[in-house]
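pasting the sequence and the predicted coordinates here, then a few questions.
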Amino acid sequence: MLDFLYSLGIKWRNKQFDTKKFISYKSLLPVISVGNITTGGTGKSPFVQTLARHCINEGKNVAIIGRGYRRSTKGFLHISDGTTIFENAKTAGDELLMHASALPNVTVIADEKRSRAAKWLEKNTNCNLILLDDGFQHRYLARDVDIVLIDERTLTTRLLPFGHLREPLTSLQRASVLCFTDTVSQHMKIKLLEDIPHLPTQIFTYSTNFRTIRPAWSIEETHIQPQHCEVLTSIAHPQRFHTMLQDTGWSIIHSHTFPDHYFFTERDIVKICNSNAQSVKKLLMTTKDEGKLSSFKYLFEQYSIECFVAEIETSIDNEAKFYSYINSIITKRT
């Protein structure tokens with residue numbers, strides 16, 4: 001009953017946009033949204049970063065707008081101007097700080113009102129392309145390309161509050177591109193396409209891989225080779241991360257797993273360091289956690305713990321076709 005009422009609420013809201021009763025702001029800049037219809041865990045952040053790097057290579061001045069989930073601030077926040085990072089993980093949120101750190105040429109903005117952020121970018125920067133991180137549900141800002149990421153959980157769960165779906169599967173009809181993780185079977189794809197009419201014709205498969213594993217809090221280009229380590233994560237699906245590590249030769253002695261977007265305390269880090277000091281004195285973390293853990297660098301050094309960071313990137317099957325489509329849409333607006 002609750003999921004039925006939730007579904008009615010979502011359908012009513014979407015209808016207001018579809019019938020123009022709620023108005024979407026059309027930015028002067030091209031807008032590409034990367035989102036999903038589940039609560040986290042489909043690899044949006046590495047997908048956004050991979051897309052941003054492609055657009056930079058194409059000569060674009062890119063801005064990323066996100067909500068800044070679980071940040072301590074509210075409203076508009078200028079996190080990075082592409083040269084200087086003005087905020088930290090608590091004020092910006094861990095994911096947007098990660099974007100600012102990984103993409104030094106990109107302007108990063110946090111704002112619950114994406115349209116307000118877009119207007120600010122138009123007036124105050126030389127950016128000529130906006131990427132929305134987790135933007136599918138935020139329809140007050142119109143987008144030129146709506147990319148929706150789909151994993152196997154998307155196709156097997158229920159609507160909130162009993163499952164993880166933020167919208168019914170029929171909402172995929174308003175996407176312009178569907179990207180399935182490589183874990184989604186061909187059978188599941190075919191069933192979705194058969195069950196729901198009018199889905200987009202632009203359909204791709206993507207996977208996540210390690211871009212590099214490097215020393216934490218360092219600009220060193222050195223790639224760390226597989227070895228024994230402990231692992232620290234506060235991400236949606238840590239098991240996927242662990243499997244990727246093991247598949248590339250890393251041996252996980254122990255894993256410290258915290259909830260997604262968790263903010264660590266000194267007590268947490270002391271406990272982790274004590275555990276690690278009794279094993280291999282090596283700790284591997286995600287880029288999302290690197291920013292949050294920077295304030296505890298002194299503790300890791302005190303316990304002589306070597307810290308490494310795994311950077312993740314997205315690979316898109318038939319990427320030439322994918323980027324050709326993206327480029328063609330952007331070109332129409334420039």
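That came through fine.

can you tell me the closest non-neighbouring residue to residue 259?
residue 234 (6.3 Å; CB to CB, 6 or more residues apart in numbering). Glycine gets a C-beta too; all of them are placed from N, C-alpha and C.

pLDDT score assigned to that neighbour?
Residue 234 is assigned 96 on the pLDDT scale.

repeat for residue 304
For residue 304, pLDDT reads 95.

so it sits right up against residue 277, yeah?
Yes: using CB atoms under 8 Å, residue 304 is in contact with residue 277, at 7.4 Å.

which residues touch the residue nearest to residue 259?
By CB atoms under 8 Å, 6 or more residues apart in numbering, the residues touching residue 234 are 94, 257-262, 264, 286, 288-289, 292.

just the buried ones from these?
For the contacts of residue 234, a burial check counting by 16 or more other CB atoms under 10 Å picks out 94, 258, 260-262, 264, 286, 288-289, 292.

picking that back up, tell me which of residue 304 and residue 277 has more neighbours.
Neighbour tally, residue 304 and residue 277, criterion other CB atoms under 10 Å: the higher count belongs to residue 277, 13 against 10.

would you mind measuring from the more buried one to residue 299?
11 Å (CB to CB, to the nearest Å).

if we can go back for a sec, among the contacts of residue 234, which are in helices?
Within these, residues falling in helices by DSSP state H are 94, 288-289, 292.

show me where the stretch 151-300 of the chain has its strands.
Read by DSSP state E, counting those that start in this stretch, the stretch 151-300 of the chain holds these strands, from start to end of the chain: 177-181, 202-215, 228-233, 251-257, 282-286.

can you redo those as JSON lines with distance to residue 75?
Below are these laid out as JSON lines (distance: least, CB to CB, whole Å):
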{"stretch": "strand 177-181", "distance to residue 75": "31"}
{"stretch": "strand 202-215", "distance to residue 75": "32"}
{"stretch": "strand 228-233", "distance to residue 75": "30"}
{"stretch": "strand 251-257", "distance to residue 75": "32"}
{"stretch": "strand 282-286", "distance to residue 75": "28"}
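
can you give me the end-to-end span of stretch 257-265?
14 Å (CA to CA, to the nearest Å).

got the contact list for residue 60?
Residues near residue 60 by CB under 8 Å, 6+ apart: 128-129, 330.

mind listing what's buried along the lowest-mean-pLDDT helix or strand in the chain?
Scoring the helices and strands of the chain by mean pLDDT, DSSP states H and E places helix 2-18 at the bottom, with a mean of 88. For helix 2-18, a neighbour-count test (16+ other CB under 10 Å) marks 6-7, 10, 14 as buried.

show me the residue at the heart of the protein, geometrically.
Nearest to the mean C-alpha position of the chain, by CA atoms, centre = their mean, lies residue 45 at 1.9 Å.

relative to strand 177-181, how tilted is the strand or helix carrying it?
For residue 45, the element it lies in under DSSP states H and E is helix 44-57. Per axes from the mean of the first three to the mean of the last three CA atoms, to 10 degrees, the angle that helix 44-57 makes with strand 177-181 is 120 degrees.

pull out the buried residues from helix 44-57.
By neighbour count with 16+ other CB under 10 Å, helix 44-57 contains the buried residues 44-55.

just give me the closest of the residues you listed to residue 169.
Nearest to residue 169 among the buried residues of helix 44-57, counting by CB to CB, is residue 44 at 18.0 Å.

next up, the contacts around the closest one.
Counting by CB under 8 Å, 6+ apart, residue 44 makes contact with 34-36, 133-134, 149.

same thing but 10 Å
Counting by CB atoms under 10 Å, 6 or more residues apart in numbering, residue 44 touches 34-36, 66, 95, 132-136, 147-149, 314.

okay if I get those residues as CSV plus neighbour count?
Below are these laid out as CSV (neighbours: other CB atoms under 10 Å):
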residue, neighbour count
34, 30
35, 24
36, 27
66, 28
95, 27
132, 27
133, 24
134, 21
135, 24
136, 23
147, 29
148, 24
149, 25
314, 24
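
ok, of those residues, which one's closest to residue 86?
Proximity of those to residue 86 (CB to CB) peaks at residue 66, which lies at 15.3 Å.
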